[in-house]
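J.: give the three-dimensional model of this entry:
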Amino acid sequence: MVTLPLPGLAQDRCVVMGVVNVTPDSFSDGGRWFDPGAAAEHGFELVRHGADLVDVGGESTRPGALPVDREEELRRVVPVVRRLADAGVLVSVDTMWAETAEQAIDAGAVLVNDVSGGRADPAMVPLVARTGVPFVVMHWRAHSEQMQQHTEYRNVVEDVLAELWEQFDAVCDAGVDPDRIVLDPGLGFSKTGDQNWTLLANLDRFTSLDRPLLVAASRKGFLGALLADEVGPRPVEEREDATAAISTLSALAGAWGVRVHEPRRSADAVRVVARLRAERRGE
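T.: Residues are numbered from 1 along each chain as shown. Reported below is the predicted structural model:
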């Protein structure tokens, strides 16, 4: 497992990133934490349940989601980041926009999680280079409204690896410290359900890049489809056991972190994996 030089984060096991969606239209929690005060309290709850890092976002990136005005994103995100950071919580900001990232960093965010990998806003990568904060570069082809129109691959593993590494090189060439970059294969972003499973079955190809790897499978539609019954896909809130299974497999593959909505099961899972690894090393 490749770690990230970020004080306060676990260095001996897979990190658990908890999700706070300050949005009215997230696929996972449908606006439950839209109020900034409720969102901050939810962030504290995630930490109590085992999250090492809390990822705060104000714009849904589910398939078909519409963009959010920058002022609105700032109104949603910055107060939550500030309240959590002031209380000592490690906070990442989930945004594609440099203005939001900059204000979140000023409010105490220690990592920028950009689903576009710096492609959506030309100002993002220079900001990250200047501030020196760690940066998540995800595989991305298009914004939410069009992303499921871009699922054609010759070989999904090879193509995602090549495109992700191309963006990694571009970000490094723009001045971002390569040791502060986390890679994310982008499950569900311009991917079909079958393609998500193929990527998960080949996580070792991504961890072999010798970069920290973030896996974000939590509650996603391909899990609901797998667990479907005669009524239809498994409801979002009933996909936590499957999410924890993915967290276990990700930790076993050497992922740096998993991004989840309900951290308790995944926090337990990554600790089990870490203990087994220690036993194998004779520690």
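
J.: tell me what residue 55 is bridged to.
T.: Counting by DSSP bridges, residue 55 forms beta bridges with residue 19, residue 92.

J.: is residue 10 in a helix, a strand, or coil?
T.: Put simply, residue 10 is coil when judged by DSSP: H, G, I helix; E, B strand; the rest coil.

J.: neighbours of it, how many?
T.: With neighbours defined by other C-beta atoms under 10 Å, the count for residue 10 comes to 16. C-beta coordinates here come from the backbone N, C-alpha and C atoms, glycine included.

J.: contacts only, for it.
T.: residue 52 (C-beta atoms under 8 Å, 6 or more residues apart in numbering).

J.: next: residue 107.
T.: 78, 81-82, 85.

J.: just the closest of those to residue 245, please.
T.: Of all the contacts of residue 107, residue 245 sits closest to residue 81, with 30.6 Å by C-beta to C-beta.

J.: now that closest one: how far from residue 137?
T.: 21 Å (C-beta to C-beta, to the nearest Å).

J.: go on, residue 103?
T.: For residue 103 relative to residue 137 (C-beta to C-beta), the value is 21 Å.

J.: more neighbours: which of the two?
T.: residue 137 (30 against 20).

J.: now do the contacts for the more buried one.
T.: With C-beta under 8 Å, 6+ apart, residue 137 has these contacts: 114, 117-118, 164, 167-168, 171, 181-184.

J.: quick check: which element contains it?
T.: Using DSSP states H and E, residue 137 falls within strand 135-138.

J.: partners of that strand, with directions?
T.: Counting by DSSP bridges, strand 135-138 is paired with strand 111-114 (parallel), strand 181-184 (parallel).

J.: tell me the mean pLDDT for the first one?
T.: For strand 111-114, mean pLDDT is 96.

J.: where exactly do the helices run in the chain?
T.: 36-48, 70-86, 98-106, 124-131, 156-173, 193-201, 203-207, 221-226, 240-253, 263-281 (DSSP state H).

J.: excluding chain neighbours, what is closest to residue 68?
T.: Sequence neighbours aside, residue 59 is the residue nearest to residue 68 in space, at 4.3 Å (criterion: C-beta to C-beta, 6 or more residues apart in numbering).

J.: now the phi/psi pair for the one you found, please.
T.: phi -140, psi 120 (degrees, to the nearest 10).

J.: now it: how far from residue 183?
T.: Distance of residue 59 to residue 183, computed by C-beta to C-beta: 21 Å.

J.: again with residue 213
T.: From residue 213 to residue 183 the distance is 6 Å (C-beta to C-beta).

J.: what's the answer for residue 236, then?
T.: In terms of C-beta to C-beta, residue 236 sits 26 Å off from residue 183.

J.: pick out whichever of these two has more residues nearby.
T.: Under the neighbour definition other C-beta under 10 Å, residue 236 and residue 183 were set side by side, and residue 183 has more, 25 against 19.

J.: OK, contacts around that one?
T.: Per C-beta under 8 Å, 6+ apart, neighbours of residue 183: 136-138, 164, 168, 206, 209, 211-214.

J.: tell me the most packed of those residues, by neighbour count.
T.: Result: residue 137 is most packed of the contacts of residue 183 (other C-beta under 10 Å), 30 neighbours.

J.: check what pLDDT residue 10 gets.
T.: 87.

J.: and for the residue nearest to residue 1 when sequence neighbours are not counted, the neighbour number?
T.: Counting by C-beta to C-beta, 6+ apart, residue 1 lies nearest to residue 254, which is 4.6 Å off, once chain neighbours are set aside. Applying other C-beta under 10 Å, we find 19 residues neighbouring residue 254.

J.: next: the one 10 residues further on.
T.: Residue 264 has 17 neighbouring residues, counting by other C-beta under 10 Å.

J.: next one: residue 272
T.: 13.

J.: just to check, it is in contact with residue 247?
T.: No - here residue 272 does not reach residue 247: they are 10.2 Å apart, not a contact under C-beta atoms under 8 Å.

J.: that older thread, mutual contacts of residue 213 and residue 183, please.
T.: Shared contacts of residue 213 and residue 183, defined by C-beta under 8 Å, 6+ apart, are found at residue 206.

J.: any stretches of the protein with poor pLDDT?
T.: Scanning the chain for pLDDT under 70 picks out the ranges 25-34, 62-65, 142-150, 283.

J.: let's see it at 80
T.: Residues of the chain that meet the criterion pLDDT under 80 lie in 1, 23-34, 60-67, 141-150, 283.
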